[in-house]
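>>> build me a structure from this.
(4 chains)
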There are 2 protein chains.
Amino acid sequence: MTNSSQFTKSLRAWMDVFMHRSMHGWNHFAKSTGLSMPQFSILMQLHHKGPCGMSEVSDRFDITAAAASQLVEKLVQAGYLERTEDPIDRRAKLLTLSVRGEVLIQQGTEERYRWMNDLTSKLNAEERAKVVEALNILTNAAQKHEK
Amino acid sequence: MTNSSQFTKSLRAWMDVFMHRSMHGWNHFAKSTGLSMPQFSILMQLHHKGPCGMSEVSDRFDITAAAASQLVEKLVQAGYLERTEDPIDRRAKLLTLSVRGEVLIQQGTEERYRWMNDLTSKLNAEERAKVVEALNILTNAAQKHEK
DNA sequence: CTTTTTAGTTAAGCAAACTTAACTATATGC
DNA sequence: GCATATAGTTAAGTTTGCTTAACTAAAAAG
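From the prediction side, this is the model:
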């Protein structure tokens, strides 16, 4: 097998198992909190990208401004989000995760992380070191790639 | 920093960026196919775990048998799934991805994979080798852990 | 200063996911 | 063999996500 196809194969295998597992986990967690996936995804987005306006929500999830507004309204009512007026542009709103929202996402991440941790708990020190190094390489590459 | 907390930190950082990105990607892809996320998730499950009965779908997604039956019906109508009678237990149904369903999931995986590939395209041979090794370690660990 | 964009909200209505309840058909336990 | 449990379907009704359309308010353009 060529190096390149080995790379492809390893990437695919890992993505397959990891994505399947983590999607299931998030779904399950979202349900346990009483939030729908669209609602939950907005919290995730805020957590990941930081505060933003309403329009970024509708862009990101490819829904109308009306739909975004309604989803956000529910999250504000439930206390997961804070929606303040943007002082620079008073038409715009500034959406930020509330403490409650932040805690919720942390808990979800914790559960997801725990699976990874269990899974890697039987690795020896050398293997763990290799995993750390590779994940750092990937995370760096992703950050460069995003911007 | 201790080794253990370095490990935790690397794991978290990678999970955060990767999950956010891939969930967005799947959402987008599902929307482009005209399938809803619940419908799409069933196809993903079938792809990942292989053929199963109706009850496994309702268990897996934590929905009633009625809901599962209705979702599956739509997927069968759309030609993504085949629903046959289980020859051993004639009450039960055997759900399998059709060729069309398989192709759909392959396409989605392809897109997700392409992102990873772009992101890693600037890595040198040594880095790629490290990534391959680590992902193989993780995939193996996950497979042991699942069963 | 007036016109036009832009950001967001609200209301009405449709479509999809989901539930409960009643049902059919097959398998299992006694 | 009969009662009971299990696998799945169908129908009715609720909830939620989403859209379009009409709106308010502020910013930008002229």
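>>> so where's chain A shaky on pLDDT?
Flagging of chain A using pLDDT under 70 yields the residue ranges A:1, A:147.
>>> residue in it nearest to chain B?
In chain A, the residue that lies nearest chain B is residue A:134 (3.2 Å; C-beta to the nearest C-beta). Placement of C-beta: from N, CA and C, glycine included.
>>> my reading is that residue A:96 lies in a helix. Confirm?
No. The assignment for residue A:96 is strand, going by DSSP: H, G, I helix; E, B strand; the rest coil, so no helix is present there.
>>> which residues are in contact with the residue of chain A closest to chain B?
B:130-131, B:133-135 (C-beta atoms under 8 Å, 6 or more residues apart in numbering or on different chains).
>>> how about it, nearest residue that isn't a chain neighbour?
Leaving aside its chain neighbours, residue A:134 sits nearest to residue B:134 (3.2 Å; criterion: C-beta to C-beta, 6 or more residues apart in numbering or on different chains).
>>> assign the one you found to helix, strand or coil.
In three-state terms, and counting by three-state DSSP, residue B:134 is helix.
>>> can you list the residues of chain A near DNA strand C?
Counting by C-beta under 7 Å from any atom of the strand, the residues of chain A close to DNA strand C are A:53-55, A:65-66, A:68-70, A:72-73, A:83, A:86, A:89, A:91-93.
>>> the residues you listed, buried ones only, as a PyMOL selection?
Per 16 or more other C-beta atoms under 10 Å in any protein chain shown, the buried members of the residues of chain A next to DNA strand C correspond to this PyMOL selection:
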select buried, chain A and resi 53+54+68+72+93
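>>> now residue A:52, what are its backbone angles?
phi -160, psi 180 (degrees, to the nearest 10).
>>> correct me, but it touches residue A:58?
No. Applying C-beta atoms under 8 Å, one finds residue A:52 not in contact with residue A:58, separated by 10.7 Å.
>>> residue closest to the middle of chain A?
residue A:44 (4.5 Å; C-alpha atoms, centre = their mean).
>>> touching, that residue and residue A:105? I think so.
Yes. In this structure, residue A:44 is within contact of residue A:105 by C-beta under 8 Å, at 6.5 Å.
>>> of the residues of chain A next to DNA strand C, which belong to strands?
A:83, A:93 (DSSP state E).
>>> just the closest of the residues of chain A next to DNA strand C to residue B:31, please.
Set against residue B:31, the nearest of these by C-beta to C-beta is residue A:68 (15.1 Å).
>>> spit out the contact partners of that closest one.
A:54-55, A:57-58, A:61.
>>> before we move on, what about residue A:113?
So residue A:113 contacts B:8, B:11-12, B:15 (C-beta under 8 Å, 6+ apart).
>>> restrict these to those near chain A?
B:8, B:11-12, B:15 (C-beta under 8 Å from any C-beta of the partner chain).
>>> so of these, which ones are in helices?
By the criterion of DSSP state H, membership of those in helices covers B:8, B:11-12, B:15.
>>> what subset of the residues you listed is buried?
B:8, B:11-12, B:15.
>>> any chance of those residues in CSV, plus distance to residue B:114?
Output for these, formatted as CSV (distance: C-beta to C-beta, whole Å):
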residue, distance to residue B:114
B:8, 30
B:11, 24
B:12, 25
B:15, 20
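>>> quick one: which of these is nearest DNA strand C?
Within these, the smallest distance to DNA strand C is 24.3 Å, found for residue B:15 (C-beta to the nearest atom of the strand).
>>> wait, that closest one touches residue A:25, no?
No. If you go by C-beta under 8 Å, residue B:15 and residue A:25 don't touch, sitting 10.6 Å apart.
>>> which residues are in contact with each of these two?
Common neighbours of residue B:15 and residue A:25 (C-beta under 8 Å, 6+ apart) are residue A:112.
>>> for stretch A:70-80, list every residue counted as buried.
A:71-72, A:75-76, A:78, A:80.
>>> kindly report the residues of chain A close to DNA strand D.
Counting by C-beta under 7 Å from any atom of the strand, chain A sits next to DNA strand D at A:36, A:38-39, A:61-64, A:66-67, A:70-71, A:74, A:89-91.
>>> mind doing that once more with 6 Å?
Contact residues, chain A versus DNA strand D (C-beta under 6 Å from any atom of the strand): A:36, A:38-39, A:63-64, A:66-67, A:70-71, A:74, A:89-91.
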